[in-house]
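[1] Structure for this input, please:
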Amino acid sequence: MAGKRSHYECQQCGYQAPGWLGRCPDCGAWGGLTEVRTASGASPEGARAGRTGDARPASSARPMLLAEVAGIGHRCIRTGIGELDRVLGGGLVPGAMILVGGDPGIGKSTLVLQAAGALARQGLTLLYISGEESLAQVSERGRRLAADAPDLYLAAETCLETILDHIASLKPAAVVLDSIQTTSSLALESPAGSLSQVREVAGRLLEVAKRQEISVWLIGHVTKEGSLAGPKALEHIVDTVVYFEGDRHQAYRILRATKNRFGPTDEIGVFEMGSRGLASVDNPSALFLAERPAHAAGSVVVATLEGTRPILVELQALVSPTGAAIPRRVANGLDFQRVAMLLAVLEKRLRVGLGASDVFLNVAGGLSVREPGADLGVVAAVLSSVRNVPVEATCAFFGEVGLGGEVRRVAQSDKRLSELARLGFTRAITAHRAVDKIGAGAAIAVGGLSHVGELADLVLSAGKMRFD
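    Just a heads-up that it's a prediction; the model follows:
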């Protein structure tokens, strides 16, 4: 009987060492190296080779010319959940691996179970593997979500080999694994959720998914830093990575695609959590602007672009004098480093004194805005709060601001303007070069700025911020 060998592996980056180390030499993480043992005494790769033998696997097909291979667009299966189909790029692709991440309790299992029920009602065979809940718990939740269907099978299992046997016997169209951190392989002696186990489980499921064209949904835990628990290699293995954003104590959830081999990245879907599960929100712009206060200084509307979708959000700013030695800078829903840069531009280029004031910025509704098109809205909101001058309710902003204070144009201005016109806005403020490109065919009136100083000149000492 072969003796067992072990090594130590970093759970953050995968670095391997023959002995334990307090700090990983590769990524610098402390206390991240754990012991990994293989049942055959070899590496995980060797264990996989031992299972399949030394024989070379038979080729499934001859090499084909690119022109001979049919595309996958016509094979997408719509789940019936509109916002989910949008994020996935039109629907579920056979053989795709989808990783769903998010904070505990935000709705990952709820959404995937609803999608499984919707697919099963189309006559497809679905297998839902639960590693954290009993069958009774899953079935009760499924009935509450109206996800019960004749072809939806449930199994409570954490052993990968048993799961593969279930897949071989049922031959489902899609498999849900909830969650990958609770699943382990008998080929490794490391605990479930470790880097080696996560890679082993994902790798073997990938082989099954691509060979049999079975779509696999993986639900993953998220660390307190907000990143997916386990190695980044897991995100490289799968075809699509989607994250749930938002506060689980609020009704609205945002599903964002950060990687998608079958559609655009950074696409978002908006959902509302209710007693019957997650419901799609077809008009998120109206949702985010529904409770916007009238004639409030520091409140502006920004036309953002999330993937291919224009969304209007309310951006709020509050500038208040402080007696602290170091003023506070808080940005909810915005990139903090970019906000710090824009505040520095205001102080340097416009000589707006912010050194003795706290500055608070917030994107209402829980959406996280990362694109530079929100820069002009941030500047307008801060100026409005500093001067205590409200912005016209029917005016919106979009444009990038450079370190010199120049206003630059951003992509897809026509889509942003169409969304503004649909929601009843009458004027948009953006970069001067964008106005020249848009021309006279814009859906609403468009004002152009070359420098943020022109925006400051429009702030009157009383009344409103006007753009006549």
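[2] So in the chain, which helix runs the longest?
    Longest helix in the chain, counting residues (DSSP state H): helix 195-212.
[3] what mean pLDDT would you report for that helix?
    Mean per-residue pLDDT for helix 195-212: 90.
[4] What residues does residue 335 make contact with?
    By C-beta atoms under 8 Å, 6 or more residues apart in numbering, the contact set of residue 335 is residue 370. C-beta coordinates here come from the backbone N, C-alpha and C atoms, glycine included.
[5] The helix or strand following the longest helix of the chain: partners in the sheet, and parallel or antiparallel?
    Using DSSP states H and E, the helix or strand that follows helix 195-212 in sequence is strand 215-220. In the sheet, strand 215-220 lines up against strand 97-101 (parallel), strand 174-178 (parallel) (DSSP bridges).
[6] contact partners of the first one?
    Surrounding strand 97-101, the residues in contact under the criterion C-beta under 8 Å, 6+ apart are 88, 92, 108, 111-112, 202, 205-206, 209, 215-222, 228, 234-235, 237-244.
[7] what's the angle from the following helix or strand past that strand to strand 97-101?
    Using DSSP H and E, the helix or strand that follows strand 97-101 towards the C-terminus is helix 108-120. Angular relation of helix 108-120 and strand 97-101 on a 0 to 180 degree scale: 150 degrees, by axes from the mean of the first three to the mean of the last three C-alpha atoms, to 10 degrees.
[8] just the helices in this structure please.
    Taking DSSP H as the criterion, the chain contains helices spanning 44-52, 82-88, 108-120, 135-144, 160-170, 195-212, 233-237, 284-289, 336-349, 375-387, 413-422, 432-438, 452-457.
[9] Now tabulate the ones you listed in a markdown table and tack on distance to residue 395 and mean neighbour count.
    Output for the helices of the chain, formatted as a markdown table (distance: least, C-beta to C-beta, whole Å; neighbours: other C-beta atoms under 10 Å):
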| stretch | distance to residue 395 | mean neighbour count |
| --- | --- | --- |
| helix 44-52 | 59 | 15 |
| helix 82-88 | 29 | 22 |
| helix 108-120 | 36 | 24 |
| helix 135-144 | 45 | 15 |
| helix 160-170 | 56 | 15 |
| helix 195-212 | 49 | 20 |
| helix 233-237 | 40 | 16 |
| helix 284-289 | 13 | 20 |
| helix 336-349 | 19 | 16 |
| helix 375-387 | 9 | 25 |
| helix 413-422 | 9 | 19 |
| helix 432-438 | 15 | 16 |
| helix 452-457 | 12 | 18 |
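[10] closest to residue 29 out of those helices?
    Relative to residue 29, the nearest member of those by C-beta to C-beta is helix 195-212, separated by 11.4 Å.
[11] elements contacting that closest one?
    Contacts defined by 3 or more C-beta pairs under 8 Å, 6 or more residues apart in numbering; DSSP states H and E place helix 195-212 against strand 6-10, helix 44-52, strand 97-101, helix 160-170, strand 174-178, strand 215-220, helix 233-237.
[12] Would you mind getting the angle between it and strand 97-101?
    140 degrees.
[13] ok so, going back, what angle do helix 160-170 and the longest helix of the chain make with each other?
    Using the same axes, to 10 degrees, the direction of helix 195-212 lies 10 degrees away from that of helix 160-170.
[14] how distant is helix 195-212 from the center of its chain?
    Here helix 195-212 is found 22 Å from its chain centre; the criterion is C-alpha atoms, centre = their mean, to the nearest Å.
[15] Quick check, central residue of this structure?
    Nearest to the mean C-alpha position of the chain, by C-alpha atoms, centre = their mean, lies residue 256 at 3.0 Å.
[16] Verify the stated contact: that one with residue 87.
    Yes. Assessed by C-beta atoms under 8 Å, residue 256 is found in contact with residue 87 at 7.4 Å.
[17] Which neighbours do those two have in common?
    Residues touching both residue 256 and residue 87 (C-beta under 8 Å, 6+ apart) are 242, 267-268.
[18] Take these and lay them out in TSV including distance to residue 339 and pLDDT.
    Output for the shared contacts of residue 256 and residue 87, formatted as TSV (distance: C-beta to C-beta, whole Å; pLDDT from 0 to 100):
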residue	distance to residue 339	pLDDT
242	26	93
267	24	88
268	21	90
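[19] ok, and the most crowded of those residues?
    The residue in the shared contacts of residue 256 and residue 87 with the most neighbours, by other C-beta atoms under 10 Å, is residue 242 (25 neighbours).
[20] got the contact list for that residue?
    Counted by C-beta under 8 Å, 6+ apart, residue 242 has contacts 87-88, 98-101, 255-258.
[21] returning to that earlier point: could you dump the helices of the chain to JSON lines with distance to residue 63?
    Shown next, in JSON lines, are the helices of the chain (distance: least, C-beta to C-beta, whole Å):
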{"stretch": "helix 44-52", "distance to residue 63": "22"}
{"stretch": "helix 82-88", "distance to residue 63": "29"}
{"stretch": "helix 108-120", "distance to residue 63": "33"}
{"stretch": "helix 135-144", "distance to residue 63": "43"}
{"stretch": "helix 160-170", "distance to residue 63": "28"}
{"stretch": "helix 195-212", "distance to residue 63": "16"}
{"stretch": "helix 233-237", "distance to residue 63": "24"}
{"stretch": "helix 284-289", "distance to residue 63": "45"}
{"stretch": "helix 336-349", "distance to residue 63": "47"}
{"stretch": "helix 375-387", "distance to residue 63": "49"}
{"stretch": "helix 413-422", "distance to residue 63": "41"}
{"stretch": "helix 432-438", "distance to residue 63": "46"}
{"stretch": "helix 452-457", "distance to residue 63": "57"}
